[in-house]
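Asker: please find the sequence and the predicted model below.
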Amino acid sequence: MKWNIVPTGIKELDTMFGGGVLDDSIVLIIYDTNSFGWVLSIAMFKSFLDRGGFGVVTNYSLPIGLLEKYAAMMGFDVEERGNSGQLAIIDVFGASHDVALDIPYVYSPGRIDSNTFLPKMVEVYYNILEKAGGRKPVGLTVGMDGFAQIFDENTAMKILRRNVMMKEAARVSERRERPVNIMIVNRDRASKKYISWLFHYAEHVIDFEPTERPGLEKMIVRKSLLPEFEPSFAEFTYSKGRIKISRVRGLI
């Protein structure tokens, strides 16, 4: 089967992946507490929306107001994008605390537990997709460590595996635009075993490591299932709402 390759719109990142990302894939970004690696997820998400995509943010970790502040660091106005019909937020974090916000672009799955979570999420997701029209869905999950905190890591992985199989069934039976999903996980808030399973199911993996220089990180593309991929790393900096990726030639 021939798989489509979708550019992220970030040139150096596309080169490191081997040409872009696979359509209908997961891009996993691993970072730590002191890292700004998570801002890359916003840059990618923004790039897809700027090129006509429809964004679906699944929020497991933050109050909506704080989520909007984090996004604003990258010049991304969540309220403006939501009110203009470019994105929707599934607020699982709020639902886990019995809070449902009266905001047009924020959706709540309601009360959840490990048995009802997936059916409720699927119902909300398909309601949101009706608003997307023919636009390409782009998912941003904030974050997979928060997902494991709402349940527990073992339960979270059982849910994720079930969701992977549901996604596979939908890919075969449905004729619609398939999503690119960007997931972030803070390694300081999750076990190595949990992260290894996330790594296993992701088609593309980016890992951030600190350096001795403040503001400079080592960005390693550890995995991409594209045939032109070769493991590589870059210097990554974030400053005043902008990122810079400078690929380093040679072995990791």
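Answerer: Yep, that arrived.
Asker: now what about stretch 155-164, what contacts it?
Answerer: With contact meaning Cβ atoms under 8 Å, 6 or more residues apart in numbering, stretch 155-164 is reached by 114, 117-118, 144, 147-148, 150-151, 194, 197-198, 201. (C-beta placed from N, C-alpha, C; glycine too.)
Asker: give me the element Gly55 is part of.
Answerer: strand 54-59 (DSSP states H and E).
Asker: buried residues in the helix or strand just after that strand?
Answerer: Downstream of strand 54-59, the next assigned helix or strand under DSSP H and E is helix 64-72. The neighbour-count check on helix 64-72 (16 or more other Cβ atoms under 10 Å) flags 64, 67-68, 70-71 as buried.
Asker: and the very next helix or strand once past helix 64-72, what does it pack against?
Answerer: With elements assigned by DSSP H and E, the helix or strand that comes after helix 64-72 is helix 78-83. Using 3 or more Cβ pairs under 8 Å, 6 or more residues apart in numbering; DSSP states H and E, the elements in contact with helix 78-83 are helix 64-72, strand 87-91.
Asker: reformat the ones you listed as CSV; add distance to Glu123.
Answerer: What follows is the helices and strands packed on helix 78-83, written out as CSV (distance: least, Cβ to Cβ, whole Å):
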stretch, distance to Glu123
helix 64-72, 20
strand 87-91, 11
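Asker: adding mean pLDDT and distance to Asn34, write those out as TSV.
Answerer: Output for these, formatted as TSV (pLDDT from 0 to 100; distance: least, Cβ to Cβ, whole Å):
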stretch	mean pLDDT	distance to Asn34
helix 64-72	98	15
strand 87-91	98	27
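Asker: and these: which comes nearest Lys218?
Answerer: helix 64-72 (22.4 Å; Cβ to Cβ).
Asker: chain center to the closest one: distance?
Answerer: 15 Å (Cα atoms, centre = their mean, to the nearest Å).
Asker: send me that helix as PDB with only the CA atoms.
Answerer: Below are the C-alpha coordinates for helix 64-72, written out as PDB (Å, rounded to 0.1, in the frame of the first residue of the first chain):
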ATOM      1  CA  ILE A  64      -8.500  25.900  29.400                       C
ATOM      2  CA  GLY A  65      -7.300  29.400  30.400                       C
ATOM      3  CA  LEU A  66      -3.800  28.100  31.100                       C
ATOM      4  CA  LEU A  67      -3.800  26.100  27.900                       C
ATOM      5  CA  GLU A  68      -4.500  29.400  26.000                       C
ATOM      6  CA  LYS A  69      -1.600  31.100  27.800                       C
ATOM      7  CA  TYR A  70       0.800  28.400  26.800                       C
ATOM      8  CA  ALA A  71      -0.300  28.600  23.200                       C
ATOM      9  CA  ALA A  72       0.000  32.400  23.200                       C
END
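Asker: that helix packs against which elements?
Answerer: Using 3+ Cβ pairs under 8 Å, 6+ apart: helix 64-72 touches helix 78-83, strand 87-91.
Asker: tell me which of these sits most buried.
Answerer: Of all the helices and strands packed on helix 64-72, strand 87-91 has the most neighbours on average by mean count of other Cβ atoms under 10 Å, namely a mean of 25.
Asker: now do that strand against strand 54-59, angle only.
Answerer: 20 degrees (axes from the mean of the first three to the mean of the last three Cα atoms, to 10 degrees).
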